[in-house]
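# quick one: sequence plus predicted model below, questions after.
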Amino acid sequence: MSIKQCRWVLSVLFSFAFFIEQGHAQPGVSRVLVSDSLLRKHVFTLSSDSLQGRATGTIGQLQAAFYCIRSFRQSHLLPVFRVDSIHATFRQKFAFTVTEVAPFGNMRTYGSQSSTYKKHELALLPLTGKDSNQVLFGDNVAGLLVGTDLKQEIIVLSAHYDHLGKLGKRIFHGADDNASGTAAILSIASVFDSLAQQGIRPRRSMLFVLFSGEEDGLLGSDYFIRNSPIPLQQMRCNLNVDMVGRTDYPHRKKSDYCYIITGPQPPGLLQQVEMANKQSVNVALNNEGYDVKTDPSQHFYRSDHYNFFKSGVPVLFFTSGEHPDYHQPSDTADKINYLVLQKRATLIFQTAWRIANPPL
């Protein structure tokens, strides 16, 4: 065990003792950090050459899904997608089609000069082998940690684990987009499990979901919402994480920050983030124009939380913004700021824990 891991374990054990002594949920975990070494391990694995950029419908994406499932199993999460009346699985398969479409007028896809673009659409799951040849398949991955007295109420933590794949011999590694967010969810699940193994569970249940198909038009989260294993009315909120490992240009000299994007919603959830932040990592929170309809990049509408929002589930979107390596092969694991990623992942954990444990 490394010195950093020892320090993390000691901090968690100290927090457990503090929790028991105080007898109150929030002070008990305010000192708990998400492991930076675990975050690093997940980012390097998910953005490695072996996964070939994790494009939805490819073997690299499927291998990434199996990696995430193994991590959820190690965190003792429960599978939620029913196979039959007895068995369940961590994996939700969906079908989609890809067609070449000519842009209307002068429209072009972002960063492309092509006269056509690929349109991805959900399709019905095929019933025969012949039908299977007409579609591609993506996979969502999810696991549940059951709460205590409010276990019927669900907090959803999500990220997308797919990326752009490869173009010729060029691999789009997607370390920040979105191995960083996926690593945060996997590592936060590990922290919840560590607490649960000590008998410390949240009052509400935690559903950890990892989507594919995000880069192709939020396909995975769209399918999940349409075929949710848990009634949407039981979901109290969705905390979505997308690109939390780098620093954008406005913060080049002050990297301890996180954008919190809520869109047109009441401020209640944002207040929970602010209180969790003050009790833990104390990074700068802002949205700086990202949280308004006039945002030219429309950040609120571009990641998987938007499908939850459209379905009436309150959302929080955590991101660190864009950078020159966005959607480039140069988005690699060695460029992630792991100390800052740790702070942002810890902020998300602390926020989730606070929301999952409303005052008695």
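Alright, I've got the coordinates.
# separation between the nearest residue to A102 once chain neighbours are set aside and L270?
Nearest residue to A102 in three dimensions, chain neighbours excluded: T116, at 5.4 Å (Cβ to Cβ, 6 or more residues apart in numbering). In short, each C-beta sits where N, CA and C put it, glycine included. With distances taken as Cβ to Cβ, to the nearest Å, T116 is found 41 Å from L270.
# what's the answer for K253, then?
K253 is 25 Å from L270, by Cβ to Cβ.
# show me where this protein dips below the pLDDT cut-off.
1-27, 104-115 (pLDDT under 70).
# could I get the full set of helices for it?
3-22, 25-29, 36-46, 59-74, 129-132, 181-197, 219-226, 268-279, 305-310, 338-356 (DSSP state H).
# how many residues are close by L127?
The local packing of L127 (other Cβ atoms under 10 Å) involves 8 other residues.
# which residues does N307 contact?
Neighbour list for N307: 218, 221-222, 224-225 [criterion: Cβ atoms under 8 Å, 6 or more residues apart in numbering].
# swap in D291?
261-263, 300.
# these in strands, which ones?
Those of the contacts of D291 mapping onto strands are I261, per DSSP state E.
# phi, psi of D331?
The phi/psi pair for D331 (degrees, to the nearest 10) reads phi -80, psi 80.
# can you give me the neighbour number for it?
Around D331 there are 27 residues (other Cβ under 10 Å).
# does it touch H173 like I think?
Yes: look at D331 against H173 with Cβ atoms under 8 Å: they come within range, at 5.6 Å.
# which neighbours do those two share?
S47.
# ok so, going back, okay if I get the contacts of D291 as CSV plus distance to F318 and neighbour count?
Listed next are the contacts of D291 as CSV, based on distance: Cβ to Cβ, whole Å; neighbours: other Cβ atoms under 10 Å:
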residue, distance to F318, neighbour count
I261, 8, 23
T262, 11, 20
G263, 13, 19
F300, 12, 22
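# and the contacts of D291 as CSV, adding distance to D242?
As requested, the contacts of D291 are exported to CSV (distance: Cβ to Cβ, whole Å):
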residue, distance to D242
I261, 10
T262, 14
G263, 14
F300, 11
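# how about the residue nearest the centre of the chain, what does it touch?
Most central in the chain under Cα atoms, centre = their mean is A159, positioned 1.8 Å from the mean C-alpha point. A159 is in contact with 178, 181-182, 184-185, 210-211, 240-242, 304, counting by Cβ under 8 Å, 6+ apart.
# roughly how far apart are it and I185?
Distance from A159 to I185, by Cβ to Cβ: 5 Å.
# overlap of the contact sets of the two?
Going by Cβ under 8 Å, 6+ apart, residues that sit against A159 and also against I185 are 210, 241.
# quick revisit: T116 and L270: which is more packed in?
Neighbours per residue (other Cβ under 10 Å) separate T116 from L270, with L270 holding more: 18 against 13.
# find the nearest non-adjacent residue to the more buried one, please.
T262 (5.4 Å).
# A356 now?
P202 (3.6 Å).
# hang on, that neighbour packs against T148?
Yes: contact criterion Cβ under 8 Å: P202 and T148 qualify, at 7.3 Å.
# who's more crowded, these two?
Per other Cβ under 10 Å, whichever of P202 and T148 has more neighbours is P202, with 25 against 13.
# any idea how far L51 is from that one?
P202 is 32 Å from L51, by Cβ to Cβ.
# do I261 as well
The value you get for I261 to L51, if Cβ to Cβ is used, is 28 Å.
# measure the closest residue in space to S132 that isn't next to it in sequence to S47 for me?
Nearest non-adjacent residue to S132, counting by Cβ to Cβ, 6+ apart: P126, 4.5 Å away. Distance of P126 to S47, given as Cβ to Cβ: 31 Å.
# kindly report the same for A179.
4 Å.
# overlap in contacts, these two.
Contacts common to A179 and S47, judged by Cβ under 8 Å, 6+ apart, are 173, 333.
# just to revisit the earlier point, can you add distance to T319 and give the helices of the chain back as a markdown table?
As requested, those are exported to a markdown table (distance: least, Cβ to Cβ, whole Å):
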| stretch | distance to T319 |
| --- | --- |
| helix 3-22 | 25 |
| helix 25-29 | 24 |
| helix 36-46 | 16 |
| helix 59-74 | 20 |
| helix 129-132 | 36 |
| helix 181-197 | 8 |
| helix 219-226 | 16 |
| helix 268-279 | 13 |
| helix 305-310 | 10 |
| helix 338-356 | 9 |
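# right, and these - which one's nearest H87?
Nearest to H87, of all the helices of the chain, is helix 59-74, at 14.8 Å by Cβ to Cβ.
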